[in-house]
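>>> let me see the structure of the following:
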Amino acid sequence: MPRIYLCFLWHMHQPFYKDLLSGEYRLPWTRMHALKDYYGMVRVLKDFPQVRQTFNLVPSLVVQLEEYAAGRAADPFLRCALKPAESLSEGEQSFILRYFFQANPARLIYRYPRYAELYEAWCAADRKVARARRFFDARAMRDLQVLSQLSWVDEEFQDDPDVRALAEKQRDYSLGDQAAMGRIQARILGAVLQVYAEFAASGQIEISTTPFYHPILPLLCDTEIAGVSHPYVPLPGRFRYPRDARRQLESSRAFMRKKFGAAPEGLWPSEGSVSDEALALAAEAGFRWAATDNGVLSRTLGHAAGVAETYRPYVWRQGDREIKLLFRDHYLSDLIGFVYSRMGAGESAAHFLDRVRENTRGILAEGRDALVPVILDGENAWEHSELNGRPFLRELYRRISGDAQMEALTVAEALGRIESQPLGHVFPGSWINANFDVWIGAEEDNRAWEALLLARDTYERAIQAPGQTIAEENRQLAYEELLIAEGSDWCWWYGPEHDSENRPEFDKLFRDHLANVYQLLGLAPPEDLSRPILRVTVKEFHEQPTGPIRPVIDGQVTSYFEWLGAGSYRVDQRSGAMHGRRHLVRALHYGCDGASLFLRVDFEDEAVSTLAGISVRVRVEPAGGARPASDVTVNVHGRSANVAEARFGAPEHAGSAAEAAFEAVLEVRLSLAALGVTPNHSLGFQISLWRDGLPMDALPQQGLIKVSTTEPSDWPV
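As a prediction, this is how the structure comes out:
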């Protein structure tokens, strides 16, 4: 009797949140999903031994899970969650209020009445920290600290005595309860990879993988391939590093072999992104099968792929390279990911299997077996589902186990039972619209690719330069940072397609990875890395100069009149603030006297004690491009400052071109002649703040501040 083989592939992935140089994890989502999803998605199969599945683990996720399990990973969210509420600083209180309600209200927050009460108080305060502080005393804050973590604990741990004790207490948590929450997390984090190893050893699950840092392989091979799937899409400078794609594949397979004792046969290319060149590299790396979306199959075949074409395996061959392919049922996979969370467990399980039977009826009538590929995210889908989706999964697995004509198999098992159809070419695309538009083509995406291309080319030139003296450890770490920056997650959040409260954090971390490359090579990172790639809307307060200024460069505001007439620029720091970010600059003042450009930086009072080691870079561009831009770096040491480095557009005038002083404020004078700015012309400038080679802040966030050097006749002299 012909049979239905259901192939579930659950993709487990989070971006690489770790900064390699600082060692800090910027965002908590690897840890949070390890508490909520990774363990239980496998453990639930213990009750259904006939159900076999494939789990796709991204190596960069496994690295993070290992570090959390070993206690080597630190993130600011966990530190704030475990710190005694009475000892929290105002900044930490603000951080907790802003970010500890980042959970699905219906499924996670309202599951715990006290968490719901705190959430409603936060909403009643219009999500404004200053107003919320009236309600959030130490008692409320500690309840929030505990419940924001407890709400993410996996369903499989709900009967754990420690978890049950915290859940039943509901409110008025103690310091001991906070500590218990920390121990619970450590225990769960330590169990995640063990459960995968255990079930893989038993044969109930197959572990497949993805290129190491989750890059879009076809775009690493050649960004021009995006123009095939979307003709006339605007593209950045050509990025073409297929050897990086090969490295991401080979290191992934070697890493997974080391961690789980066997090299994975299967590959879920990041975001289902395929091309002939990418598949050739995967086959050469030793992968025997890969999967993508049936939208790609449709464009490959030149017509809409029906279920008869989707529900069978293929073998891609070019020359002596071959790899088997599955094309996911897009519709069925999306039902689980986006629709069934709004339905009851029995209703949704019945609907899913009814659709499978209806789709396969014609195939079975021909006497042929049907292979049904269902591939989707194995973590984010469940935040909107009742009890983390477990009632649905249990009901689905129970019904599959009881159906004599249906069997849930690993991908490798199913491929061994059905003959594969030959395929000599695959259309380049991803699981989203069979193109690459999410990751390239939009202005933000292209700016990110340009920054990556510049860093990648710079690395190549640096390591090949005659007589280069880069330490081998630094060279390897710089390359690792490039591989991380090649990951797909950064451009997922650039462009118009997706939104998140954490987009600024993703943007900053991407730029920091690239800045680390330059730092490790002993080079100054490009100025552009100090400014967001995101086209964020920042409320600016900008007043133009009203007269000439001639301040004394002594680091003091010696007189009210000294800067009278200067322009001023500041940013509303309540807008677009990233978690944990300490603002350094309160205001920037500027002006001219016809011979010099004067700048004054007023730092935030609480930042002054931390300014040692800060570099302030000033970039000045003469209007019209008559002269090259000038770059001046001022280093701050304690209560002093000096011009450390200067490249002037008109070096022939650089005699006494610059001076700087810092005591109460930072004051800088730059000669207009040395800058290449001729009398009665204008200029544009920007400043950025750096520490240890990493960008910390920039004014303005986008573009330049324009300054006229003309002195109207009615200005006082």
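>>> quick check: domain ranges of the chain?
1-70+193-437, 444-530, 540-708 (automatic domain parsing).
>>> among those domains, which is nearest D126?
Nearest to D126, of all these, is domain 540-708, at 12.4 Å by Cβ to Cβ. From N, CA and C alone the C-beta is placed, and that goes for glycine too.
>>> quickly, which of the domains of the chain bottoms out on average pLDDT?
Ranked by mean pLDDT, these bottom out at domain 540-708, with a mean of 82.
>>> quick check: end-to-end length of stretch 2-20?
52 Å (Cα to Cα, to the nearest Å).
>>> in that stretch, what counts as buried?
3-20 (16 or more other Cβ atoms under 10 Å).
>>> so of those residues, which ones are in strands?
4-12 (DSSP state E).
>>> of these, closest to A290?
Closest to A290, out of all of those and judged by Cβ to Cβ, is L9, at 11.0 Å.
>>> mind listing what that closest one touches?
53-56, 208, 268, 291, 328, 373-376, 411 (Cβ atoms under 8 Å, 6 or more residues apart in numbering).
>>> list the contacts of stretch 175-187.
Taking Cβ under 8 Å, 6+ apart as the rule, stretch 175-187 contacts 31, 35, 69, 71, 78, 81-82, 84, 142, 145-146, 149-150, 153, 157, 160, 162-163, 165-166, 169.
>>> one more time with 7 Å, if that's ok
The contact list for stretch 175-187 (Cβ atoms under 7 Å, 6 or more residues apart in numbering) reads 35, 71, 82, 84, 142, 145-146, 149-150, 153, 162-163, 166, 169.
>>> follow-up on the earlier one: so how do I select the buried members of the contacts of L9 in ChimeraX?
Selection of buried members from those for ChimeraX, criterion 16+ other Cβ under 10 Å:
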select :53,54,55,56,208,268,291,328,373,374,375,376,411
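>>> now, the contacts of L9 that are in helices?
V411 (DSSP state H).
>>> tell me the one of the contacts of L9 nearest I336?
For the contacts of L9, the nearest to I336 is L376 (5.9 Å; Cβ to Cβ).
>>> against L409, how distant is that closest one?
17 Å (Cβ to Cβ, to the nearest Å).
>>> with A282 instead?
Taking Cβ to Cβ, one finds A282 at 22 Å from L409.
>>> what's the burial count for the residue nearest to E271 when sequence neighbours are not counted?
Nearest residue to E271, sequence neighbours excluded (Cβ to Cβ, 6 or more residues apart in numbering): S430, at 4.6 Å. The number of residues packed near S430 is 26, by other Cβ atoms under 10 Å.
>>> wait, S430 sits on P269?
No - S430 lies out of contact with P269 (Cβ atoms under 7 Å); the separation is 8.5 Å.
>>> what's the angle between the longest helix anywhere in the chain and strand 4-12?
Secondary structure of the chain per DSSP H: the longest helix is helix 175-202. Orientation check (axes from the mean of the first three to the mean of the last three Cα atoms, to 10 degrees): helix 175-202 against strand 4-12 gives 140 degrees.
>>> which parts of helix 175-202 are buried?
Here helix 175-202 shows 177-178, 180-181, 184-185, 188-193, 195-196, 199-200 as buried, counting by 16+ other Cβ under 10 Å.
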